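A.B. asks: give me the fold of what follows.
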Amino acid sequence: MTADHTTLVLAALTFVLAGLVKGVTGMGLPTVAIGLLGLVMAPDEAAALLVISSTVTNIWQFVAGSYLVLRRMAWLLVTSSVVTYAAAGLLTGAGTSSAGAALGVALLAYAILGLSGLTVSVPPRLEPVLSPMIGALTGLAAGVTGVFVLPAAPYLQALGLGKEELVHALGLSFTASTLALAAGLARHGAFHIAVAGSSLLYTVPAVIGMQIGQ
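C.D. replies: Numbering: from 1, shown residues only. Okay, the predicted model is just below:
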């Protein structure tokens with residue numbers, strides 16, 4: 001098996017695993033996929049491959065949930081999308097060398113947070129202030145690493161949403177961030193027709209993994 005074929009197989013298996021994690025937990029596809037794909041390709045290439053599969057699985061998750069949190073999340077969605085688009089250049093070109101290190105730090109922080117069992121509660125009165133701040137930080141993290149789970153996911157979990165509302169909120173947040181990242185990568189030439197075709201192809205193993213996880 002050639003190196004190219006080996007990469008294709010590893011990438012397909014990575015998307016199955018990442019989809020499985022998303023099916024079980026409601027999130028984690030970009031985190032798992034970029035973390036593993038980053039071992040065999042540049043972070044901006046991995047992020048570009050994720051665009052369509054992440055969008056499809058996030059929309060699937062979004063439409064399966066409740067629609068009660070849309071207005072509540074408006075500022076988070078706006079700021080995360082704008083900052084993600086603006087910061088996408090940090091993931092490409094000269095920024096690629098530092099993106100790998102930033103991705104490692106982000107994944108390590110996310111793992112520590114998950115293993116710590118730390119629970120935080122955000123009172124509703126603070127949401128108008130915290131939501132745009134969390135959105136901006138999430139956008140910056142997405143622009144640097146291609147991963148948009150921090151700090152949005154812990155913040156949404158801290159809002160005390162019901163299970164269906166949380167699933168919907170995560171899907172909505174990830175969809176907005178994915179589309180903004182795709183636009184930002186396209187602006188810098190990292191997401192184009194050829195990459196879109198590969199991204200569409202890898203949607204199949206991601207969906208299979210997500211169905212297994214669910």
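A.B. asks: number of residues surrounding residue 36?
C.D. replies: Other residues near residue 36 come to 17 when the count uses other Cβ atoms under 10 Å. Placement of C-beta: from N, CA and C, glycine included.
A.B. asks: hang on, it packs against residue 15?
C.D. replies: No - no contact is recorded between residue 36 and residue 15 when judged using Cβ atoms under 8 Å, the distance being 9.5 Å.
A.B. asks: what's around the closest residue to residue 203 other than its chain neighbours, how many residues?
C.D. replies: Counting by Cβ to Cβ, 6 or more residues apart in numbering, residue 203 lies nearest to residue 53, which is 4.1 Å off, once chain neighbours are set aside. The burial metric for residue 53, expressed as a neighbour count using other Cβ under 10 Å, is 28.
A.B. asks: any idea how far residue 125 is from residue 53?
C.D. replies: Taking Cβ to Cβ, to the nearest Å as the measure, residue 53 falls 38 Å from residue 125.
A.B. asks: what ranges does the chain have for its helices?
C.D. replies: Taking DSSP state H, the helices of the chain run over residues 3-25, 29-37, 43-63, 74-87, 96-116, 127-145, 152-158, 163-187, 193-201, 203-213.
A.B. asks: by mean pLDDT, show me the worst of those helices.
C.D. replies: Comparing mean pLDDT over the helices of the chain, the weakest stretch is helix 96-116, at a mean of 75.
A.B. asks: kindly calculate the angle that that one makes with helix 127-145.
C.D. replies: 130 degrees (axes from the mean of the first three to the mean of the last three Cα atoms, to 10 degrees).
A.B. asks: and helix 96-116, which residues are buried?
C.D. replies: Buried residues in helix 96-116, defined by neighbour count with 16 or more other Cβ atoms under 10 Å: 99, 102-103, 106-107, 110.
A.B. asks: got those as JSON lines, with distance to residue 6 columns?
C.D. replies: Rendered in JSON lines, the data for those read as follows (distance: Cβ to Cβ, whole Å):
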{"residue": "99", "distance to residue 6": "23"}
{"residue": "102", "distance to residue 6": "27"}
{"residue": "103", "distance to residue 6": "22"}
{"residue": "106", "distance to residue 6": "27"}
{"residue": "107", "distance to residue 6": "23"}
{"residue": "110", "distance to residue 6": "28"}
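A.B. asks: which one of those sits closest to residue 186?
C.D. replies: Closest to residue 186 out of those is residue 99 (17.2 Å), distances taken as Cβ to Cβ.
A.B. asks: count the neighbours of the closest residue to residue 40 other than its chain neighbours for me.
C.D. replies: Of all residues not flanking residue 40 in the chain, residue 7 sits nearest, at 5.6 Å (Cβ to Cβ, 6+ apart). A total of 14 residues lie near residue 7 under the criterion other Cβ under 10 Å.
A.B. asks: follow-up on the earlier one: looking at the buried residues of helix 96-116, which is nearest residue 40?
C.D. replies: The shortest approach to residue 40 among these belongs to residue 103, at 13.6 Å (Cβ to Cβ).
A.B. asks: hang on, residue 161 packs against residue 173?
C.D. replies: No - assessed by Cβ under 8 Å, residue 161 is found out of contact with residue 173, at 11.7 Å.
A.B. asks: out of the two, which sits in the busier spot?
C.D. replies: Each of residue 161 and residue 173 has its neighbours counted (other Cβ under 10 Å); residue 173 has more, 28 against 19.
A.B. asks: widest-spaced pair of the buried residues of helix 96-116?
C.D. replies: Distances among the buried residues of helix 96-116 were taken as Cβ to Cβ; the most separated pair is 99 and 110, at 16.0 Å.
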